[in-house]
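Engineer: sequence plus predicted model, see below.
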2 protein chains.
Amino acid sequence: MSRRDEVLAVAERLLEAEGPEAVTMRRLAAELGMQAPSLYKHVRSKDDVEAGLQERALLQMGAAISTAGPDLHALAAAYRAWATAHPRLYRLATGRPLRRDALSPGVEESAAAPVVAAAGGDEHRARALWALAHGLVDLELADRFPPGADLDLTWRAALEAFARPA
Amino acid sequence: MSRRDEVLAVAERLLEAEGPEAVTMRRLAAELGMQAPSLYKHVRSKDDVEAGLQERALLQMGAAISTAGPDLHALAAAYRAWATAHPRLYRLATGRPLRRDALSPGVEESAAAPVVAAAGGDEHRARALWALAHGLVDLELADRFPPGADLDLTWRAALEAFARPA
DNA sequence: CCAGACTGGCTAACGCCGTTAGCCACCCCC
DNA sequence: GGGGGTGGCTAACGGCGTTAGCCAGTCTGG
């Protein structure tokens, strides 16, 4: 585990526990028992830290949903479960543009593969399904749905549209 | 137009023209020909400014999509058109939690009404449709789709699932 | 007609932020 | 045993949101 990964691990823990405003260079450094400028020996910038968190999120999420198999409902459940278990990491990862050049090769594809499989290989259907899941999660995490709405039912209604054969 | 609304108008213009990092209290003040602390005579905090922008976005977007009528494709096109015409305002508005207490009453409902209508009155279908549109827009604005993907086709594929009768 | 309050500007300052420059102790290898 | 890389440190800069405190103008009630 490189020093950079240690920083990222601390950042992830801090982000999830106390929210994005707690993830400052000074705080990260303190958590690692050092001073803020020393962080720059392991990490290029704060943006670099966030890019690292984004990649971590992609990896974790890809792993989580690839265990679900090709069933649409199982896949959706896994997606939703991971996102709500790591809400701040999810929002940080999807909230910033994807830096493909800073990403280890293959990460993006392997995270997308289960979705494409569940969509029967149709890339447009896969993207639509992904967008549906992301939209539901994102709106839920941003408290956009009226309080008391039964989101289980909403997910069922949403997936039914996709499950129905053409 | 109250002084607060003037601040919000400048903030919106600045946000869309130069991005969120340009919307600072000092910059806003300069744009209005005053010093930063004077802003606090018209606005409670920067968070208050962002809440105001969120409400503005909701109002504008509600107006934009209510002109589309009950047709699913027209509604989706209007939604997508507004979001891509005001990408940073869209992301700011959906990126922060909805402060219902700071919202003029009725704003949320009237923005949601066209979607519910297009979904045939089914609230779960309406939320799913909303999430689908939001997800597509949000992922596109965050550069998550592979470059070169034909998003028009993706939107068509997505809407077909919802248009198909049960 | 004038006194008082209210409005809306100002300067100075605080504590935080990310980041850079420059320094130095340690350790490993030739 | 000396040289260079590694990984800490302090000091500092400019920018951020925000507060305190001040004051000129205006408007209003007696």
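Structural biologist: Looks like it came in fine.
Engineer: identify the residues contacting the residue in chain A positioned nearest to chain B.
Structural biologist: The nearest approach of chain A to chain B comes at A:Gly135, 2.8 Å away (CB to the nearest CB). Where C-beta positions appear, they are placed from N, C-alpha and C, glycine not excepted. Counting by CB atoms under 8 Å, 6 or more residues apart in numbering or on different chains, A:Gly135 makes contact with B:Trp130, B:Ala131, B:Leu132, B:Ala133, B:His134, B:Gly135, B:Leu136, B:Asp138.
Engineer: and the longest helix seen in chain A, is it in reach of DNA strand C?
Structural biologist: Longest helix in chain A, counting residues (DSSP state H): helix A:46-66. Yes. Helix A:46-66 is in contact with DNA strand C by CB under 7 Å from any atom of the strand, via A:Lys46, A:Asp47.
Engineer: go through whichever helix or strand comes after that helix and flag the buried ones.
Structural biologist: Scanning forward in sequence from helix A:46-66 by DSSP states H and E, the next helix or strand is helix A:72-85. Neighbour counts using 16 or more other CB atoms under 10 Å in any protein chain shown place A:Leu72, A:Leu75, A:Ala76, A:Ala78, A:Tyr79, A:Arg80, A:Trp82, A:Ala83 of helix A:72-85 among the buried residues.
Engineer: from the chain's centroid, how far away is stretch A:102-115?
Structural biologist: 12 Å (CA atoms, centre = their mean, to the nearest Å).
Engineer: dump it to PDB, restricted to CA.
Structural biologist: What follows is stretch A:102-115, C-alpha atoms only, in PDB (Å, rounded to 0.1, in the frame of the first residue of the first chain):
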ATOM      1  CA  ALA A 102      -5.900   9.800 -14.700                       C
ATOM      2  CA  LEU A 103      -7.700   6.500 -14.500                       C
ATOM      3  CA  SER A 104      -6.100   3.100 -14.500                       C
ATOM      4  CA  PRO A 105      -6.900   1.500 -17.800                       C
ATOM      5  CA  GLY A 106      -9.900  -0.900 -17.800                       C
ATOM      6  CA  VAL A 107     -11.500   0.500 -14.700                       C
ATOM      7  CA  GLU A 108     -14.300   2.200 -16.600                       C
ATOM      8  CA  GLU A 109     -15.000  -0.700 -18.800                       C
ATOM      9  CA  SER A 110     -15.100  -3.300 -16.100                       C
ATOM     10  CA  ALA A 111     -17.500  -1.200 -14.000                       C
ATOM     11  CA  ALA A 112     -19.800  -0.800 -17.000                       C
ATOM     12  CA  ALA A 113     -19.700  -4.400 -18.100                       C
ATOM     13  CA  PRO A 114     -22.400  -5.800 -15.700                       C
ATOM     14  CA  VAL A 115     -24.800  -3.100 -16.800                       C
END
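Engineer: where does A:Asp150 fall, phi/psi-wise?
Structural biologist: phi -90, psi 100 (degrees, to the nearest 10).
Engineer: what about the helices in chain A?
Structural biologist: Counting by DSSP H, the helices of chain A are A:3-18, A:25-31, A:46-66, A:72-85, A:87-95, A:107-118, A:123-141, A:151-163.
Engineer: I'd say A:Leu53 and A:Leu92 touch.
Structural biologist: Yes. Using CB atoms under 8 Å, A:Leu53 is in contact with A:Leu92, at 5.9 Å.
Engineer: intersection of neighbour lists for the two?
Structural biologist: A:Leu15.
Engineer: hang on, the earlier thing: quick one: mean pLDDT over the longest helix of chain A.
Structural biologist: In this model, helix A:46-66 carries a mean pLDDT of 97.
Engineer: OK, contacts around the residue nearest the centre of chain A?
Structural biologist: Central residue of chain A (CA atoms, centre = their mean): A:Tyr90, 3.6 Å from the mean position. By CB under 8 Å, 6+ apart, the contact list for A:Tyr90 reads A:Ala57, A:Met61, A:Trp82, A:Ala83, A:Val137, A:Leu141.
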